[in-house]
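Quick one, fold the following:
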Amino acid sequence: MRIALFQPDIPQNTGALIRLGACFGVGVDIIEPCGFLFSDAKLRRAGMDYLDRADVVRHSSWETFLAARTGARLVLLTTKGAGRYVEFAFRPNDVLLLGRESEGVPDTVHARADARLRIPVKERSLNVAQAGAIVLAEALRQTKGFP
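Numbers count the residues shown, from 1 in each chain. Model (predicted):
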């Protein structure tokens, strides 16, 4: 299982998700361009000393990310998703895709997703790092993938 971040805007969220990946042994794909420099101090502060322990792969574009995929399902977490994440049957090699904090993902990315899931909340949406953690925990629980 992997987490993929589509053109992330906020270094603190990216750092938190990289830390999450390191803690649970889940790789993280960063699909550039990012809205910040990858050397940003805020990224390092949020990721703490986990950045060097994480399996992070940076992709220069959406196209290079797609070319590197090896048949794993692309599961998009989106406020526009029809399916609820708790009703979805995750697989061990799924890639959980998170969109930009500012604008999500474009329609072309939505179209490439194998599934579009949402987290039912009372308000508009969650922070992208919180959403990633919630869904990753459920996916790992279902697939018995916790370390």
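
Only C-alpha atoms from now on, for both contacts and neighbour counts.
Noted.

what's the longest helix in the protein?
Scanning the chain for the helix with the most residues, using DSSP state H, yields helix 128-143.

Can you name the element that comes right after the worst-scoring helix or strand of the chain on mean pLDDT?
Between all helices and strands in the chain, the lowest mean by mean pLDDT, DSSP states H and E belongs to helix 41-47, at a mean of 64. Once helix 41-47 ends, the next helix or strand along the chain (criterion: DSSP states H and E) is strand 56-59.

That next one - contacts with which helices or strands?
Judged by 3 or more C-alpha pairs under 8 Å, 6 or more residues apart in numbering; DSSP states H and E, the packing partners of strand 56-59 are strand 27-31.

Could I get the phi/psi values of the residue located most distally from the centre of the chain?
Residue farthest from the centre of the chain, counting by C-alpha atoms, centre = their mean, is Lys122 at 22.0 Å. Here the main-chain torsion angles of Lys122 (degrees, to the nearest 10) amount to phi -70, psi -40.

quick one: buried residues of stretch 113-131?
Across stretch 113-131, burial judged by 16 or more other C-alpha atoms under 10 Å covers 113, 115-119, 128-129, 131.

Quick check: mean pLDDT of it?
Stretch 113-131 shows a mean pLDDT of 92.

export it as PDB, just CAs?
Listed in PDB are the C-alpha atoms of stretch 113-131, where the atom choice follows Å, rounded to 0.1, in the frame of the first residue of the first chain:
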ATOM      1  CA  ALA A 113      -9.000   6.900 -10.300                       C
ATOM      2  CA  ASP A 114     -10.300   3.300  -9.900                       C
ATOM      3  CA  ALA A 115     -12.400   4.400  -6.900                       C
ATOM      4  CA  ARG A 116     -13.400   7.700  -5.400                       C
ATOM      5  CA  LEU A 117     -14.100   7.700  -1.700                       C
ATOM      6  CA  ARG A 118     -15.200  10.200   0.800                       C
ATOM      7  CA  ILE A 119     -15.100  10.500   4.600                       C
ATOM      8  CA  PRO A 120     -18.600  11.400   5.900                       C
ATOM      9  CA  VAL A 121     -18.300  14.500   8.000                       C
ATOM     10  CA  LYS A 122     -20.700  17.100   9.400                       C
ATOM     11  CA  GLU A 123     -18.700  20.000   8.000                       C
ATOM     12  CA  ARG A 124     -17.100  20.600   4.600                       C
ATOM     13  CA  SER A 125     -13.900  18.600   4.800                       C
ATOM     14  CA  LEU A 126     -11.000  17.500   6.900                       C
ATOM     15  CA  ASN A 127      -7.300  18.500   6.700                       C
ATOM     16  CA  VAL A 128      -5.600  16.300   4.000                       C
ATOM     17  CA  ALA A 129      -3.200  14.800   6.500                       C
ATOM     18  CA  GLN A 130      -6.100  13.900   8.800                       C
ATOM     19  CA  ALA A 131      -8.100  12.400   6.000                       C
END
